[in-house]
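>>> Based on what follows, work out the 3D shape:
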Amino acid sequence: MAERMGLDVETLDELCANWPGASRSIKWEVDLVWSVAGKMFAVLCMLGPERGRLSFKVEPERFLELTDQPGYAPAPYMARAFWVSVTEPQDFAEAELAGYVRQSYDLVRAALPKKTQAALDAKA
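This is a model prediction of the structure:
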């Protein structure tokens, strides 16, 4: 069976829903946003010409490496915070994109205050 490509809304929801402190919202009328403790870690455009574009945070040392590759670009408005957009998500395996989303969650969570992280662990 061929591996599914890209990440759709349902798959992203299934992926993130059980992570401690993760919450889902719609922002800017077209973007599905997953956050942890109010800090975004994944954005999926759901409408318009950018539909399907997935953006997430990466480690600073991976930012230039990824944005030099075809299919990736600095995320609009968020590149300064080391966010990457997958411009052609259908060209990437679901598992690869899911891994980047998890890494983004982990990076954002690690930057939260220790007290907030402990509270997330207590709720899990």
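>>> what helix or strand is Val43 on?
Assigned by DSSP states H and E, Val43 belongs to strand 39-45.
>>> Okay, helices next: where are they in this protein?
All helices of the chain, identified by DSSP state H, fall at 9-16, 60-67, 94-110, 114-123.
>>> shaky segments in the protein?
For the chain, the stretches with pLDDT under 70 are 1-3, 124.
>>> most centrally placed residue in this structure?
The centroid of the chain falls nearest to Ala42 when counting by Cα atoms, centre = their mean (2.5 Å).
>>> Make sure it is actually in contact with Asp31.
No: Ala42 is not in contact with Asp31 according to Cβ atoms under 8 Å; the separation is 9.9 Å. C-beta: built from backbone N, CA, C; applies to glycine.
>>> With distance to Ser25 added, can I get the helices of the chain in TSV?
Listed next are those as TSV, based on distance: least, Cβ to Cβ, whole Å:
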stretch	distance to Ser25
helix 9-16	12
helix 60-67	25
helix 94-110	15
helix 114-123	17
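>>> Including mean neighbour count and distance to Arg53, could those helices go into CSV?
Output for the helices of the chain, formatted as CSV (neighbours: other Cβ atoms under 10 Å; distance: least, Cβ to Cβ, whole Å):
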stretch, mean neighbour count, distance to Arg53
helix 9-16, 16, 12
helix 60-67, 14, 14
helix 94-110, 17, 11
helix 114-123, 12, 28
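>>> So which of these is nearest Ser85?
helix 60-67 (8.9 Å; Cβ to Cβ).
>>> With that, I have no additional questions.
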